[in-house]
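# Just need the structure, nothing else, for what follows:
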Amino acid sequence: MHKMSKRDPMHQNGFSGIRAIALTGLAALGAIYVQKAGAQEPALKETRYSLTHEDFPNPERGWYHYSELSASTGFSKANNSTISFLKIRADAYKTSALPSGLLDNLQKAFDTARQNGMKLIPRVAYNDGPGDGCNPYGCDASKSIIKQHIAQLAPLWKKNKDVIYIMDLGFIGGWGEWHSSSNGLDNKADRTDILFTLLDSLPADRMTYIRYPAFKREIFGGSLGSETEVLGPDRAFNKSRIARVGHLNDCFLSGPDDVGTYQHADWPISREIAYIGGEGRYTPFGGETCALHARSECANTLKEMAALHIDHLNHDYEGSVITRWGTQGCIDTINLKLGHRLALEWAKMPDSVKPGGTLQLRFAIRNHGYGELFNPRDVEAVLYQQGGRSEAAVLAVDPRFWAGGTSDTVEAALSVPTGLPSGVWKVGLRLADRDASIKADPRYSIRFANTGTWNAPSGINDLKADLVVSPQAPGASNPANSTFKVVSGPPIWIRIGKESIGPGSYALIREGMGGLRISTPVPDRATRLDVRLSTLDGRETRHWRIDAAANGTFRVPIEEIPAGRYVLEAGKGIGSRKWPVLVGTVRP
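Take a look at the predicted model:
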């Protein structure tokens, strides 16, 4: 399975798989595609899809509403909301442990969210801003108390991660917004300690976001103005701390510097937007507005939302700004484009296939939204009959890389079970939640923005092209095909260097979806091979020194690599001589 940009020149060749290539004697540098020869398969028929401008609820995106934790917390689904902010007020516990009653109420809130098909943005705060007599923005707790409270809350985060959309950092300062700490926590050391403690308390596949972008630069790069540690595709979604911290703006478009959000003299707004927007493709960005300002005029609003890859926004605050968007005529666009908005462009598949045969599936999908998915989610191809049997196969593609404003092409070859009954079957795509507790709930499945494709009871996006399963269908049949699954890897770019890898004939072989095998010539069976994977700009991602197996092969565990496009180099003495071998899209 492979995800390619529409601009990918190799896609036009239409190749769909790779098995092996010998590397000896190829001197010219260039990109080539290799396709495994096989039996004549049925022709693919194209279906094209219409875009809908309907505003409908979709998980993990869009407007949210405010709520506070109580014994009977409820969540508003107005404005097609599927997410809700949840403030956990700990004002009375600034010097003590959280009581069991508060923890019980929090569990009830998670249960209510699950019952209503919602996800939450929890934030712990020790005040509601000015007015509690401590300092101009209210009291917070000491670092030791904060860490004690995080330890108490960690089991609830783990138990209920299925309905946690994102964790708001909270805890420090007025409103939990990371400023004006009454306990002196406004410094790099304490902010870093609290951030890392919170991250480590959360499940590794859940993220948080930070109120001021300079604070993230300071924590990970050493200073407020540093740009040495900026998250890019090479580390996206690898569960490291930097990859799990996005950006929160609680005064979005509300002043010349968004009321202190952009606070570094050497970082004008244009530079901040480029920084946040770059990381916003792989982490959450959202928040709320807080005052009218010229920057919230519609023309600039839409421009900044797109640049920042915005995922969600508070509909309850600030009302005058949202009213302006309605008056100026951009609110409908914002409704549709907050967060992800995926839509099929076309799909190709055969009209018929044999039991035990291979279903070739290709489709193009475009993200019309400003933002992206950032929690892990599978893409499944589904063979189904309405109200009857269904078969699902997880495709080797990561939808979190379907960036706002771009299109991607996906290809897969899937084995059709030999025992599948003959007849007419529907084919669809399902992006269900990965957590088992809500995976079967269609309210948590992603709906595509196409006309007539959504199957609400099952959470499947139907491809509107029936597939006839019949022994008389063209193509080969393999009696060993007992399950519906991906049977071949994605197309891969091969780039040959100016020198061969070494004496004799080396072969590079794709092993299904899980790795690469490099076969060595007989004289080198007892040697070691250096293998290095690096990003296209030359930054090393992995470096292995691998002993050859008895049969003279080296296995490179590609499944350990974060998603991205890489250069693979293999040879002996890679530090002094480099042999570029492969450029490909790798999926975890």
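
# L313 in helix, strand or coil?
strand (DSSP: H, G, I helix; E, B strand; the rest coil).

# who's in contact with it?
63-64, 252, 286-289, 334, 338 (CB atoms under 8 Å, 6 or more residues apart in numbering). Backbone N, C-alpha and C define where each C-beta goes, glycine included.

# so which of the residues you listed is the most crowded?
G286 (31 neighbours; other CB atoms under 10 Å).

# on that earlier part again, just curious, which of the contacts of L313 is nearest to D441?
Y64 (19.3 Å; CB to CB).

# Isn't that closest one up against H312?
Yes - with contacts counted by CB atoms under 8 Å, Y64 reaches H312, the gap being 5.5 Å.

# Could you pull out the helices in the stretch 201-350 of the chain for me?
Ranges of helices in the stretch 201-350 of the chain, per DSSP state H, counting those that start in this stretch, are 213-221, 269-280, 298-308, 319-328, 331-337.

# can you check the stretch 51-200 of the chain too?
100-115, 143-159, 188-201.

# Quick one: closest of those helices to A78.
Going by CB to CB, the one of the helices of the stretch 51-200 of the chain nearest A78 is helix 100-115, 15.4 Å.

# Could you give the number of residues near the nearest residue to S390 once chain neighbours are set aside?
Using CB to CB, 6 or more residues apart in numbering and skipping the chain neighbours, the partner closest in space to S390 is Y384 (3.6 Å). Counted with other CB under 10 Å, residues neighbouring Y384 total 19.

# Same check on A465?
By the measure other CB under 10 Å, the count of residues near A465 is 16.

# Could you check the pLDDT of it?
The per-residue pLDDT reported for A465 equals 95.

# what's downstream of the one helix or strand in the chain whose mean pLDDT sits lowest, the next helix or strand?
None of the helices or strands of the chain scores lower by mean pLDDT, DSSP states H and E than strand 30-32, at a mean of 22. Next along the chain after strand 30-32, taking DSSP states H and E as the criterion, comes strand 45-48.

# That next one - contacts with which helices or strands?
Judged by 3 or more CB pairs under 8 Å, 6 or more residues apart in numbering; DSSP states H and E, strand 45-48 is in contact with strand 342-349.

# what's the closest non-adjacent residue to M207?
R244 (4.5 Å).

# thinking again about what came up before, for the helices of the stretch 201-350 of the chain, which one ends up most surrounded?
helix 213-221 (a mean of 21; mean count of other CB atoms under 10 Å).

# Need the contact partners of that helix.
Taking CB under 8 Å, 6+ apart as the rule, helix 213-221 contacts 178, 188, 191-192, 195, 210, 223-230, 241-242, 245, 247, 261-264, 267, 272, 275-276.

# do stretch 352-360 as well
Contacts of stretch 352-360 (CB under 8 Å, 6+ apart): 16, 41-42, 44, 348-350, 381, 383, 411-420, 422, 427, 467-481, 487.

# Which of the residues you listed fall in helices?
Among the contacts of stretch 352-360, no residue falls in helices (DSSP state H).

# out of those residues, which are buried?
Among those, those buried by neighbour count (16 or more other CB atoms under 10 Å) are 16, 41-42, 348-350, 381, 383, 411-418, 420, 427, 467, 469, 473-475, 477, 481, 487.

# ok so, going back, gap between the residue nearest to M207 and P355?
45 Å (CB to CB, to the nearest Å).

# now G387
21 Å.

# cool, and F220?
54 Å.

# picking that back up, which one of the helices of the stretch 201-350 of the chain lies nearest to P59?
helix 331-337 (15.5 Å).
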